[in-house]
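Peer 1: Next come a sequence and a model predicted from it.
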Amino acid sequence: MARAPLDCLAMVDTDSAPGAVTVGLLGCGTVGSGVITLLRDNAEAIASRLGTPLRTGPVAVRDPSHERDVAVQGLTTDAQTVVDDPEVDVVCEVMGGIDPARELITGALERGKAVVTANKELVSTLGPELFALAGAKGTRLEFEAAVAGAIPIIRPLRESLAGDRVRRVLGILNGTTNFILTRMTEEGIGFDLALGEAQRLGYAEADPTADVDAFDAAQKAAIVASLAFDQHVVADDVYREGISAVTATDIALARRMGYVIKLLAIAEIDDGGRISVRVHPALVPVSHPLASVREAFNAVFVEGEAVGELMFYGRGAGSLPTASAVVGDLVSAARSTLRAERAPAMDGWPHAALEPFEDTLGQFFILLDVVDAPGVLAAVAGVFGSCDVSIKSVWQEGRQDHAQLLLITHAAVERNVQTTLRRLRELDHIQDVASVIRVEGGEL
Ligand code: NAP
Ligand code: HSE
């Protein structure tokens with residue numbers, strides 16, 4: 001059925017209509033204030049789509065005297081009262097962190113209330129216990145905004161692709177690092193300068209560790225991998241490397257070879273059912289759809305057996321974009337509360353059978369500072385050969401004491417590449433292994 005334009009939707013008195021579903025909020029910061037704005041501004045459209053109004057109930061904050069972007073009624077500093085309130089049907093957790101969010105969400109699920117959260121840290125750490133509790137209580141825990149902010153990716157993986165087998169997901173899941181790498185690529189500046197700009201523009205926090213060292217992306221990768229392969233993966237399972245070692249030289253050389261450097265989250269399953277989940281900087285061919293994702297945007301590239309390739313693109317953060325994903329979940333949770341429906345099962349999944357990281361296959365970009373002397377290239381090539389790592393291309397710049405060798409390998413086993421690097425460092429004419437960056441989206 002065609003959807004009615006917003007101004008043609010039935011008028012519903014969203015405050016007084018009987019059977020309204022009430023949302024209690026835990027937090028009213030960047031995301032929470034966006035949620036309240038959308039529930040207010042789109043109230044009629046939401047009521048028409050849901051069949052009943054979705055109303056904002058009590059809102060817990062830490063300090064009611066903080067200035068907020070929206071006028072809020074029903075502020076409380078006692079978050080437990082939001083969970084306990086018998087009028088609250090759905091609890092929306094947008095406070096962040098593990099404690100007290102864990103206890104509050106557990107309390108809400110115990111009471112059979114549906115919960116919507118944007119909290120990737122919590123879902124990627126305690127997902128298995130929370131989903132088990134939601135399943136046992138016949139209710140649901142929704143978390144669309146926890147990965148890639150505004151982009152609908154949780155529901156497509158969980159529901160739209162339920163009839164397919166996902167083989168691989170590649171994602172740019174952190175906007176701050178994508179902004180930094182974009183600036184380094186387009187302006188030729190170094191990491192520190194680009195980070196400073198990200199901080200000035202409000203993308204990066206004063207302490208940028210969670211973004212720059214890829215903790216944030218690893219949490220999101222764990223959630224994506226769990227949904228892609230129906231097995232629980234937690235953040236600690238994810239191999240993680242941040243972007244602070246990526247240099248302007250790496251980026252310039254990669255560009256010359258036809259690649260851009262991105263912080264990629266990768267989740268894949270092999271034919272034996274072993275899962276590999278990792279987050280690290282990677283060279284991506286300029287022709288790959290992810291290469292054109294610039295600034296603070298996020299994107300998720302999904303490869304399924306039947307569906308082929310899919311790409312989801314959009315804003316990974318921000319008040320209204322993230323709130324859009326949260327409110328979508330609230331409508332879905334309210335709908336199932338009204339119909340007493342269960343969520344698609346996420347309880348009872350096994351912990352993922354993870355492929356040891358040393359067994360994974362990957363292509364590599366390796367930059368060596370060398371002395372340019374007869375026999376050096378032969379010695380380098382000999383090390384690669386003896387470790388069963390095949391070289392795809394070699395390129396040299398500079399002369400005498402200031403030469404650099406850039407090698408790109410064919411797909412090789414991680415363990416063999418690490419042995420190669422160890423042996424290269426022992427060679428007389430190798431001054432430094434300056435950079436080692438994986439290559440994705442190519443021959444694998
Ligand atoms: P935020 O701006 O810091 O807001 C947090 C809110 O929670 C504030 O209203 C704060 O109260 C309240 N709060 C914190 N601790 C509390 C406590 N113990 N009791 C009661 N209230 C408490 O955070 P945010 O950026 O909105 O992020 C919220 C969640 O969304 C996080 O899990 C984050 O990872 C996730 N997320 C955020 C974005 C984004 O673009 N910001 C995108 C995707 C996902 P006060 O206002 O009084 O300080
Ligand atoms: N710090 C995150 C980012 C915000 O830069 O993508 C959304 O999770």
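Peer 2: Nice, thanks for sending it over. Ligands and ions are numbered 1, 2, ... in the order given.
Peer 1: near ligand 1, anything from stretch 74-91?
Peer 2: Yes: residues of stretch 74-91 contacting ligand 1 under Cβ under 6 Å from any ligand atom: Ala79. (Glycine included, C-beta is placed from N, CA and C.)
Peer 1: Other residues contacting that stretch?
Peer 2: Contacts with stretch 74-91, where a contact means Cβ atoms under 8 Å, 6 or more residues apart in numbering, come from 21-26, 28, 56-64, 95, 100, 104-105, 107-108, 111, 113-116, 330, 333-334, 337.
Peer 1: Cross those residues against strands and list the overlap.
Peer 2: Members of these lying in strands (criterion: DSSP state E): 21-26, 56-60, 114-116.
Peer 1: Just the helices from the stretch 301-444 of the chain, written as ranges.
Peer 2: Using DSSP state H, counting those that start in this stretch, the helices found in the stretch 301-444 of the chain span residues 319-339, 376-386, 414-426.
Peer 1: can you give me the mean pLDDT across the shortest one?
Peer 2: Confidence over helix 376-386 (mean pLDDT, whole number) is 96.
Peer 1: Can you work out which other helices and strands pack against that helix?
Peer 2: strand 361-370, strand 391-397, strand 403-409, helix 414-426 (3 or more Cβ pairs under 8 Å, 6 or more residues apart in numbering; DSSP states H and E).
Peer 1: switch to 6 Å and redo it
Peer 2: If contacts are counted by 3 or more Cβ pairs under 6 Å, 6 or more residues apart in numbering; DSSP states H and E, helix 376-386 sits against helix 414-426.
Peer 1: Next, the buried residues of the helix it packs on.
Peer 2: Neighbour-count burial for helix 414-426 flags 414, 416-417, 419-421, 423-424 (criterion: 16 or more other Cβ atoms under 10 Å).
Peer 1: possible to save these as TSV with pLDDT?
Peer 2: Formatted as TSV, these follow (pLDDT from 0 to 100):
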residue	pLDDT
Glu414	97
Asn416	98
Val417	98
Thr419	98
Thr420	98
Leu421	98
Arg423	98
Leu424	97
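Peer 1: Save those as JSON lines, and put in distance to ligand 2 too.
Peer 2: Converted to JSON lines, those look like this (distance: Cβ to the nearest ligand atom, whole Å):
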{"residue": "Glu414", "distance to ligand 2": "27"}
{"residue": "Asn416", "distance to ligand 2": "34"}
{"residue": "Val417", "distance to ligand 2": "29"}
{"residue": "Thr419", "distance to ligand 2": "35"}
{"residue": "Thr420", "distance to ligand 2": "34"}
{"residue": "Leu421", "distance to ligand 2": "30"}
{"residue": "Arg423", "distance to ligand 2": "38"}
{"residue": "Leu424", "distance to ligand 2": "35"}
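Peer 1: closest to ligand 1 among the residues you listed?
Peer 2: Ligand 1 lies nearest to Glu414 out of these, by Cβ to the nearest ligand atom, at 30.7 Å.
Peer 1: how about low-confidence regions in the stretch 301-444 of the chain?
Peer 2: 342-343, 443-444 (pLDDT under 70).
Peer 1: Could you count how many residues lie near the residue in it positioned nearest to ligand 2?
Peer 2: Here the stretch 301-444 of the chain gets closest to ligand 2 at one residue, Ala317, 3.7 Å apart by Cβ to the nearest ligand atom. Neighbourhood size, Ala317 [other Cβ atoms under 10 Å]: 19.
Peer 1: Check the contact between Val59 and Gly24; I expect there is one.
Peer 2: No: in this structure Val59 lies outside contact range of Gly24 using Cβ atoms under 6 Å: 7.5 Å.
Peer 1: quick one: the residue of the stretch 301-444 of the chain closest to ligand 2 and Ser292, what's the gap?
Peer 2: In this view, Ala317 and Ser292 are 19 Å apart by Cβ to Cβ, to the nearest Å.
Peer 1: Angles on the backbone of the residue in the chain sticking out farthest from the centre, please.
Peer 2: Distance to the chain centre peaks in the chain at Pro374, reaching 47.1 Å (criterion: Cα atoms, centre = their mean). According to degrees, to the nearest 10, the main-chain angles of Pro374 amount to phi -60, psi 140.
Peer 1: gap between it and His429?
Peer 2: From Pro374 across to His429, the span is 10 Å (Cβ to Cβ).
Peer 1: Gly316 too?
Peer 2: Applying Cβ to Cβ, the value for Gly316 to His429 is 44 Å.
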